[in-house]
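>>> sequence and computational prediction follow.
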Amino acid sequence: MELLVLAVSAAFLSGGLYLMLDRTLLRVVIGIGLLSNGTNLLLLSTSGLTPGGAPILAAAGHGETAIVDPLPQALILTAIVIGFGVTALLLTLAYRTYQSQGSEDLGELHGRLADE
Amino acid sequence: MGAVLIALLLPFAGAILLNLFSAPRSARAGWVASLFAGASFLAVASAALGGIEQPPTLYLPWAPALDLSLSLLADGLSLLFALVISAVGVVVFTFAAAYLEPHEQRRRFFCYLLLFMGAMLGVVFSSNLLALFVFWELTSISSFLLIGFWHHKERSRYGALKALVITATGGLAMLLGFIMIGLVCGTFEIPELLGRGDLLAASPWALPAVLLVIAGAITKSAQFPFHLWLPTAMEAPTPVSAYLHAATMVKAGLYLVARLGPIMSPLPLWTPLLTVIGIATMVWCSYLALRQSDLKGLLAFSTVSQLGLIMSMLAAARPEAAAAGLFHLLNHAAFKGALFLLVGVIEHEAHTRDVCELGPLRKQMPKTHLLLALGALSMAGMPPLGGFISKEMFLEQALHLGPLLAMLSVAGAVLTAAYCFALAFGVGRGRKTEGASATATSGAEAPHDPHFSLLWGPGLLITVALLFGLFPQSLAGALVAGAVEAAVPGSSLHLHLSLWHGFSPTLAASAVALGSGYILYSRWWQTRTPDNPLLVTDRIYDFKLEKLESWSKAVTVSYMSGLVWRYNTIILCVGVAAISAVFLCFPVPQLQAWPARSPLVFEVAVALTAIAAVIGTCIAKTRLAAILSLGASGYTLALMFALLGAPDLALTQIMVETISVALFLAVFVFLPSWRPPETRPLRPGHLALSITAGCGACYLVALARGHRTATSIAEFFIENSAKLAGWHNIVNVILVDFRGLDTLGEISVLGIAALACYAAIKMAPQRS
């Protein structure tokens, strides 16, 4: 199971990095999104995967459940939300860039800035 | 010891006060600065008169963790240098106050000068090698600022940069040497180092340390092959040349050699290398001095040559040689300081310092010329001036150096005598042709002796040089003897300085030098025009500097391409290479096995879906497909979170993914479709790099997981979640209670991002 989780994380990370090496602005933004998702999964894999468990204490009368490490989850929860903030800001900037420059090709944008 | 501390702090205090309370062009700045310099001189003098206290050190910790302390050392050697620095300082400060034109930025000038004086006193009073280095570099910086004082001149900026590049490079080499010495001997305090020289001698670091410290000393003292910076530094205002580049700063290298001599001279190469460099510099630069037409250029080369002489004496680490070097150092400070100031006077009055353009100074400026001639004769070693005695002592010691070096020394003395005669007699006759003189004098009034305020300083220094000749023992005997004791500890030298040594081979050598020098001057110098030869080292320096600039630009341009994917490629390549290198060079820890559990079928299905969605995102041909695949991968991830026992993460992921996809689609509406040329084929290189990096990161995390070194703090949260916060969902409790402030920060980040998005869309100027 752990190997499976690691393989999925590796897929997310590799895909994200591959897209970040692209020259299309939107692909770079998508790549950053994949990268942060992959990192979150990788972080979760460090907590020791307990099937059927949850970081929730058994309330009286509900029986015992296995408790998993809550710490990575707290970190990931924060990371998901911050990752969303980053994606939203980058998307807005990509949109603005296209609006003012008429292109989302990074090479073309750089050439234009160099000419000015 | 208090007097020494006061002497050291006064110039710095003066610089700060001047900067705070003076107008930029204040006429009083010079006199205020002179007061501070004078007070500092009095403090040094009182310390010197008080005799050397036992122990002669004062320990003031500065940064003990770095072994850096501001400890002071005031033995004979320090006091001799400090007296030269502060006494010449007073003369130069008062001279400069009268010399600078009213429109010059005097406040800046005198601030730098005071800064330099303090730094120089710091060099000679520091008993900690690291503190010595700090002050040493401070003198380099103030020298840079002073050479470039007239920064509107291109040559000034060039000279300033050259001096800084060379002396600072040497200084860094010296620091490296100091660190080696300090680490081997276990202390950076000079008095403690004296007893631990054998530790250094036994260590393999001895030779590199010797070479590095020598590099520092010879760059600072402009010894061959680093003599090139001093002549170009002559673009500085003349008082600066007199003070920094004749009397004091260039002697820091000599101080270093004398100070570290007891530790370094038993080591191989120290004495022979420094002696050869010193003698070579003396001969070669006195020859170059003879070929200069610029008076300051002549003096610059002569300074370098004289420093070479002193260097060769101090390097020998024998008491008699050290006495010769140190006494010549005193003489040199007096006559060379005066000569520079007099050249400044000549330039001030005649508006040129070119030998070929000067008129007959003997008639035009008789007083100035008399002083100039006296100074030059002292440098030549003419009795009864001070230079005669130290030149005799030098020749006597040089005769011990073996036939080749002895002959070279005499040759150097001949060349020195020749350019001194040129300075003393040649300049006064005037080489300017009659016709040129007529046109020049018709335009401006003929040069004449300046006001007393410009003459008393050089006059005083020349008087001192004369008195050093007449009463050497009573004026300088104790001072030199004290310094020799510090430079060559354990020596029992009965120093007796006197004008008349009796008939000896040395006297003959002196006479030969003076006689041949005069013949060389009258037969050679007078019949030919000086040609200011270009230095080979100069050309090398220019070439290197130019190449350094063009190469560093080429290197920077090669990776600062401005293209994001190139930056990312470089970052990934370097990261992968660095981590691989660590794994190749060090033993790789074992990957710990963890309790294996074979996954259920639907878990495998979810995982494969996620991987497929990621691949789909990467190879999508249209933007819509890419966005939808991204969404699919995100939702599958949420499912995985749920399976792995993280319900809160799953919920959050679903919400965030939904909003993200909506946002992407909203932007998608405004963007053009990916045109066929932009949907480029698979890039195998990028793919390989990203897969390596991605899999490598997972491998590292898996590796780290099995090697936990600290106990987890999770237990605390599990135990106290219900007890302290009263809630069963531990993740929620951590976020809103235990780490509530972090969450507040997170919310603030989101708020700022939202504001930025709003501003980017609504407040940016619309495209016209």
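Thanks, I have it.
>>> so what's residue 81 closest to, chain neighbours aside?
Here I'm looking at chain A. Nearest non-adjacent residue to A:V81, counting by CB to CB, 6 or more residues apart in numbering or on different chains: B:E746, 6.2 Å away. C-beta: built from backbone N, CA, C; applies to glycine.
>>> hm, I was asking about chain B
Nearest to B:F81 is B:V124, by CB to CB, 6+ apart, at 4.1 Å.
>>> so for the one you found, what's the pLDDT?
Reading off the confidence values, B:V124 has pLDDT 92.
>>> tell me, what residue is most central in chain A?
Centroid-nearest residue in chain A, with CA atoms, centre = their mean: A:S36, separated by 2.0 Å.
>>> could you look up the SS state of that residue?
What DSSP: H, G, I helix; E, B strand; the rest coil gives for A:S36 is helix.
>>> residues contacting it?
Contact analysis of A:S36 by CB atoms under 8 Å, 6 or more residues apart in numbering or on different chains lists A:G16, A:A79, A:I80, A:G83, A:V86, A:T87.
>>> tell me the secondary structure at A:S100.
Under three-state DSSP, A:S100 falls in the helix class.
>>> give me the number of residues near it?
A:S100 has 12 neighbours, counted by other CB atoms under 10 Å in any protein chain shown.
>>> from A:L35, how far off is B:Y287?
Look at B:Y287 and A:L35: by CB to CB, to the nearest Å, they are 69 Å apart.
>>> my bad, should have said B:V304
Taking CB to CB as the measure, B:V304 falls 62 Å from A:L35.
>>> show me what the helix or strand of chain A with the lowest mean pLDDT is packed against.
In chain A, the helix or strand scored least confidently by mean pLDDT, DSSP states H and E is helix A:106-115, which has a mean of 77. The contact analysis (3 or more CB pairs under 8 Å, 6 or more residues apart in numbering or on different chains; DSSP states H and E) places helix A:106-115 against helix A:25-45, helix A:70-101.
>>> what about 7 Å?
helix A:70-101 (3 or more CB pairs under 7 Å, 6 or more residues apart in numbering or on different chains; DSSP states H and E).
>>> can you give the distance of the helix it packs on from its chain's centre?
9 Å (CA atoms, centre = their mean, to the nearest Å).
>>> that helix to helix A:25-45, inter-axis angle?
Relative orientation of helix A:70-101 versus helix A:25-45 (axes from the mean of the first three to the mean of the last three CA atoms, to 10 degrees): 180 degrees.
>>> which positions within helix A:70-101 qualify as buried?
For helix A:70-101, a neighbour-count test (16 or more other CB atoms under 10 Å in any protein chain shown) marks A:70-85, A:87-92, A:94-98 as buried.
>>> same deal with stretch B:501-517?
Quick answer for stretch B:501-517 (16+ other CB under 10 Å): B:H501, B:T506, B:L507, B:A509, B:S510, B:A513, B:L514, B:S516, B:G517.
>>> hmm, B:I627 and B:L665 touching each other?
Yes: counting by CB atoms under 7 Å, B:L665 sits close enough to B:I627 to count as a contact (6.2 Å).
>>> these two: who's more crowded?
Neighbours per residue (other CB under 10 Å) separate B:L665 from B:I627, with B:I627 holding more: 21 against 14.
>>> where does B:S286 land on pLDDT?
So, for B:S286, pLDDT stands at 89.
>>> just give me the neighbour total for it.
Neighbours of B:S286 (other CB under 10 Å): 27.
>>> got it, and B:F81?
28.
>>> which SSE is it in?
helix B:76-99 (DSSP states H and E).
>>> quick one on the thing from earlier: now render the buried residues of stretch B:501-517 as CSV, adding pLDDT.
Shown next, in CSV, are the buried residues of stretch B:501-517 (pLDDT from 0 to 100):
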residue, pLDDT
B:H501, 70
B:T506, 80
B:L507, 83
B:A509, 82
B:S510, 84
B:A513, 85
B:L514, 87
B:S516, 88
B:G517, 87
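>>> near chain A too, which of those?
Near chain A, judged by CB under 7 Å from any CB of the partner chain, there are no entries from the buried residues of stretch B:501-517.
>>> restricted to helices, list those.
Using DSSP state H, B:T506, B:L507, B:A509, B:S510, B:A513, B:L514, B:S516, B:G517 are the members of the buried residues of stretch B:501-517 that sit in helices.
>>> ok, the first one - contacts?
In this case it means B:T506. Shown in contact with B:T506 (CB atoms under 7 Å, 6 or more residues apart in numbering or on different chains): B:E392, B:L395, B:E396.
>>> isn't the first one up against B:A508?
When you say that, I think you mean B:E392. No: using CB under 7 Å, B:E392 is not in contact with B:A508, being 10.8 Å away.
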